[in-house]
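Undergrad: I would like the atomic coordinates for the input below:
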Amino acid sequence: MVCDRLGQCPCPQRGRLTGPNPTDRGKSGPKIHLIVDRQGLPISLGISAANLHDSQALIPLVRGIPPIRSRRGPRRQRPAKLHGDKGYDYPHLRRWLSLRQIRHRIAHKGTESSERLGRHRWVVERTVSWLSGCRRLHRRYARKPEHFLAFTAIAATLICHRRITK
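TA: Residues are numbered from 1 along each chain as shown. This is a model prediction of the structure:
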C-alpha cells in the first residue's frame, strides 16, 4: 500500500482519492471541485480526497477549462475573471492568475467579509447542490476515482443539458 506525502494511506473500503473529511466528523470521502460560469453551468471539474485543501485544486481546474467558442474572434483559452473565497487567498495563486492575465476577485483572510463575495458564490453552491441531487454522487459507490470522475462528468453534462433546453 502506497502512502502519500502526509503519511495517509488510501482507505481500502472507499478506494483512492478519499480522505477524512474535517467538517463531517472525520468520515472518509471525496470532494468535488468546480469552476462554473455566471449561470452555474459547470466548465471544469475535478475530484480529490476530502482532506485536500481547496487551494491545491485551483491550478489544475483552471488549466482544465476547454477553449470556448465566441461569436467573433478566436476561441477564448482562459476566463476573463475568477471569483474565489478565502480558501484561495494565497500569494502564489494570485501571482499565477496574474501571469495568465486572469483578473481575480479573491476574498482576503481576516480583512474582508464573506458577504460581498456571497452574491457570486451562491451560483457555485447551487451547482454543487444540483450535483448532490444525483444519488450516485451523494454517496460514493465507485471505488476507482476514474469511475467517480466519470459519473461526476455525466451529472455535469445532464445539468448543462437541462439548463440549455429550458
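
Undergrad: Roughly how far does L93 sit from K86?
TA: For L93, the distance to K86 equals 12 Å [C-beta to C-beta, to the nearest Å]. Where C-beta positions appear, they are placed from N, C-alpha and C, glycine not excepted.

Undergrad: more crowded one of the two?
TA: The neighbour comparison of L93 against K86 (other C-beta atoms under 10 Å) goes to L93, with 20 against 15.

Undergrad: Is that one in contact with L61, as I believe?
TA: No - with contact defined as C-beta atoms under 8 Å, L93 does not reach L61; the gap is 11.3 Å.

Undergrad: By residue count, which helix of this structure is the longest?
TA: Longest helix in the chain, counting residues (DSSP state H): helix 145-165.

Undergrad: pLDDT of that one, averaged?
TA: Mean pLDDT, helix 145-165: 87.

Undergrad: For that helix, list every residue counted as buried.
TA: P145, F148, L149, F151, T152, A155, A156, I159 (16 or more other C-beta atoms under 10 Å).

Undergrad: now, which of those sits nearest I65?
TA: A156 (13.2 Å; C-beta to C-beta).

Undergrad: distance of K86 from R135?
TA: Applying C-beta to C-beta, the value for K86 to R135 is 32 Å.

Undergrad: same thing with H104?
TA: On the measure of C-beta to C-beta, H104 and R135 end up 35 Å apart.

Undergrad: Same drill for these two, tell me which one is more crowded.
TA: H104 (17 against 8).

Undergrad: As a check, name the ranges of all helices in the chain.
TA: For the chain, the helices defined by DSSP H occupy 58-63, 91-99, 115-132, 135-138, 145-165.

Undergrad: How far off centre is the shortest one?
TA: Relative to the mean C-alpha coordinate of its chain, helix 135-138 is positioned 16 Å out (C-alpha atoms, centre = their mean, to the nearest Å).

Undergrad: For it, which outside residues touch it?
TA: Contact with helix 135-138 is made by I32, L131, S132, A142, F148, F151, T152, A155, as judged by C-beta atoms under 8 Å, 6 or more residues apart in numbering.

Undergrad: quick one: which two of those are the most distant?
TA: S132 and A142 (15.8 Å).
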